[in-house]
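Engineer: Sequence below, structure please.
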Amino acid sequence: AKLKKLCKLEMLINPKKLLRRERQLKAVIGMGGKEFKILHKQFDGIYNKIQQKKLRKRAIGGGRQGVIKDTKSKLLFILMYVKVYPTYDLAGALFGVVASRPHEWVNEYLPILEEALGRHCVLPARKITSAEEFRRLYPGVQEVILDGAERPIQRPKNNKNQKKAYSGKKKRHTRKNIYLVNKEKKILYLSPTKAGKIHDFKQFKKLAVIDAIPEDIDILGDKGFIGINDLSSHKTFVPKKKPKNGFLAPEEKEDNSLISSIRIKVEHAIGGVKRLGVATNIFRGRFGSDDRFTFVSAALWNFHLQYAA
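Structural biologist: A predicted model of the protein is given here:
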């Protein structure tokens, strides 16, 4: 009887209708129809190439027909998952399948989405080894802005992971990334995701990214990066911290305001990433498996900057 009920489930989301409703489309997948068409062209090519390489007994298209048949619907699903971050039960109810199917779809379509974004050259760098590589990747950049961002996770069961992930700043268990952004709000570099206990500046020093930034490029950061000027000969700009039981001079306050007015671009970029539920809601996956979702979310923000009208 339960099996019969499951077989009667119907897909509540109609991809064809959704793609015709611009406002609703942006609310569901985080991008408009123009951006979707551009991304779908690459997604479709990569998906079909993978299908052709598979060892199969039937021709492509043979066998049982899936619930989401075409590549537009498949791309729509993975973008909806990244934007809304529903539970697998809710995603199953929306697409008329049991909860295990959305789990399989995410594992199948997320790498394809990542590769499609890579073909548009919007993936942030994960490792930069030299100033020459930085120049090659980002010609014309004159200043970069630093900041750290945390996202909440479920409390790990392992005691060691609990201690590592507990953020004294957020008073909860988190995972953290360091962002390097240019003045156009594009994310140039995204650090590997680390447990939330580590301080922004400590994580930045361990990454040794500053050695790969050319010395003629200015670096801006918030008060969490006080001391960065001791690491290298770069021209660095960090707001001055008010002394304990003391005051800042009017000139120092003015300098702080100027730095903040430029540094706000990195806040906008991180806010753009956190439009997506998978990058801002409490992560429900296995400890340490959130890195790919954060990476794809950052790439989607860069994609939006590149193609949004």
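Engineer: Can you tell me, leaving aside adjacent residues, what's nearest to residue 114?
Structural biologist: Spatial nearest neighbour of residue 114, excluding adjacent residues (Cβ to Cβ, 6 or more residues apart in numbering): residue 296 at 5.4 Å. Yep, even glycine has a C-beta here, placed from its N, CA and C like the rest.
Engineer: quick one: average pLDDT of the helix or strand harbouring the one you found?
Structural biologist: Take DSSP states H and E as the rule and residue 296 turns out to sit in helix 291-307. When pLDDT is averaged over helix 291-307, the result is 96.
Engineer: do the same with stretch 221-237
Structural biologist: Averaging pLDDT along stretch 221-237 yields 88.
Engineer: if you go through the stretch 151-300 of the chain in chain order, where are the strands?
Structural biologist: Counting by DSSP state E, counting those that start in this stretch, the stretch 151-300 of the chain has these strands, from start to end: 166-167, 172-181, 187-190, 194-195, 218-220, 236-237.
Engineer: want to try CSV for these, with distance to residue 256 as columns?
Structural biologist: Rendered in CSV, the data for the strands of the stretch 151-300 of the chain read as follows (distance: least, Cβ to Cβ, whole Å):
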stretch, distance to residue 256
strand 166-167, 25
strand 172-181, 19
strand 187-190, 24
strand 194-195, 28
strand 218-220, 12
strand 236-237, 10
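Engineer: Which positions within stretch 274-283 qualify as buried?
Structural biologist: 274-280, 283 (16 or more other Cβ atoms under 10 Å).
Engineer: gap between residue 238 and residue 57?
Structural biologist: Distance, residue 238 to residue 57, by Cβ to Cβ, to the nearest Å: 63 Å.
Engineer: which one of the two has more residues nearby?
Structural biologist: residue 238 (21 against 6; other Cβ atoms under 10 Å).
Engineer: looking at it, that one is touching residue 230, isn't it?
Structural biologist: No: the pair residue 238 and residue 230 does not pass the contact test of Cβ atoms under 8 Å, sitting 11.1 Å apart.
Engineer: At which residues are the helices of this protein located?
Structural biologist: 2-7, 15-18, 22-29, 33-53, 71-84, 88-95, 100-119, 131-137, 159-165, 200-207, 250-273, 277-280, 291-307 (DSSP state H).
Engineer: Those helices: which one's closest to residue 214?
Structural biologist: In terms of Cβ to Cβ, the element of these nearest to residue 214 is helix 131-137, at 4.4 Å.
Engineer: right, and residue 293 touches residue 279 too?
Structural biologist: Yes: Residue 293 lies in contact with residue 279 (Cβ under 8 Å); the separation is 6.5 Å.
Engineer: Residue 173 pairs with what?
Structural biologist: residue 166 (DSSP bridges).
Engineer: Can you give me the neighbour number for it?
Structural biologist: The number of residues near residue 173, taken as other Cβ under 10 Å, comes to 24.
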